[in-house]
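Student: Structure here, sequence nowhere to be found:
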């Protein structure tokens with residue numbers, strides 16, 4: 001008889017524990033299914049349907065590149081001593097202004113916010129370049145254009161192959177030929193300056 005009472009008591013105790021556990025799982029105290037979205041992904045979703053965080057970051061970076069190329073190109077036209085440097089600066093201003101205009105329109109369609117001012121690194125580049133004059137200025141500008149366009153090409157090639165948004169992927173691919181042309185002109189200026197220095 002005692003064993004039956006003990007069994008009933010144990011059964012009730014077990015049932016109570018199960019009820020508590022079930023209640024806890026339904027109250028949201030335990031985590032639900034693991035989400036594959038990071039906080040950055042949620043930010044991307046908030047900026048518009050279909051916006052991938054990497055695509056957003058690419059447009060922000062691309063904007064920074066264009067803003068810097070335009071500003072440095074303006075300085076090159078003002079302070080460059082070699083004709084080729086002045087012409088390279090003019091090319092940068094004209095063509096990167098067009099690219100930035102297209103980029104701004106694309107970002108607007110995608111409801112993505114992009115910067116409108118130089119970032120800290122670009123500002124430092126501008127300050128460094130603007131402090132120079134003569135041949136030193138020309139060499140520094142040519143070097144900046146070569147290094148900057150190599151980095152830009154790598155960034156745009158990656159996005160043209162892997163962007164989630166097909167419009168962004170297509171835009172990145174469309175900009176690449178111009179970047180290669182800019183790099184060719186910058187390398188030509190760099191080589192010319194090296195040859196002049198060697199004489």
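Tutor: Structure's in. What do you need? Model, not experiment: these values are computed from the prediction.
Student: State the mean pLDDT of the host helix or strand of residue 108.
Tutor: Using DSSP states H and E, residue 108 falls within helix 83-109. Computed over helix 83-109, the mean pLDDT rounds to 98.
Student: ok, then the element right after that helix?
Tutor: Immediately after helix 83-109, counting by DSSP H and E, sits helix 120-130.
Student: mind listing what's buried in that following helix?
Tutor: For helix 120-130, a neighbour-count test (16 or more other CB atoms under 10 Å) marks 122, 125, 126, 129 as buried. C-beta: built from backbone N, CA, C; applies to glycine.
Student: Go through the residues you listed and say which is closest to residue 69.
Tutor: Among the buried residues of helix 120-130, residue 122 lies closest to residue 69 (CB to CB), at 9.3 Å.
Student: Distance check, that closest one against residue 161.
Tutor: 26 Å (CB to CB, to the nearest Å).
Student: repeat for residue 100
Tutor: From residue 100 to residue 161 the distance is 23 Å (CB to CB).
Student: who's more crowded, those two?
Tutor: Each of residue 100 and residue 161 has its neighbours counted (other CB atoms under 10 Å); residue 100 has more, 18 against 10.
Student: Am I right that the more buried one is in contact with residue 65?
Tutor: No: using CB atoms under 8 Å, residue 100 is not in contact with residue 65, being 9.2 Å away.
Student: Test my guess that residue 104 contacts residue 113.
Tutor: No: taking contacts as CB under 8 Å, residue 104 lies outside contact range of residue 113: 10.9 Å.
Student: Neighbour count for those two, which is higher?
Tutor: More neighbours surround residue 104 than the other of residue 104 and residue 113, with 15 against 12 (other CB under 10 Å).
Student: what's the closest non-adjacent residue to that one?
Tutor: residue 114 (6.9 Å; CB to CB, 6 or more residues apart in numbering).
Student: rounded to a whole number, what's the mean pLDDT of the helix ranked longest in the chain?
Tutor: For the chain, the longest helix by residue count, based on DSSP state H, is helix 166-198. On average, the pLDDT along helix 166-198 is 97.
Student: Kindly list the main-chain dihedrals of the residue nearest to residue 104?
Tutor: phi -120, psi 160 (degrees, to the nearest 10).
Student: Just list the residues touching it, thanks.
Tutor: Residue 114 sits next to 59, 60, 63, 103, 104, 107 when contact means CB atoms under 8 Å, 6 or more residues apart in numbering.
Student: Not counting residues beside it along the chain, what's closest to the third one?
Tutor: Sequence neighbours aside, residue 114 is the residue nearest to residue 63 in space, at 4.2 Å (criterion: CB to CB, 6+ apart).
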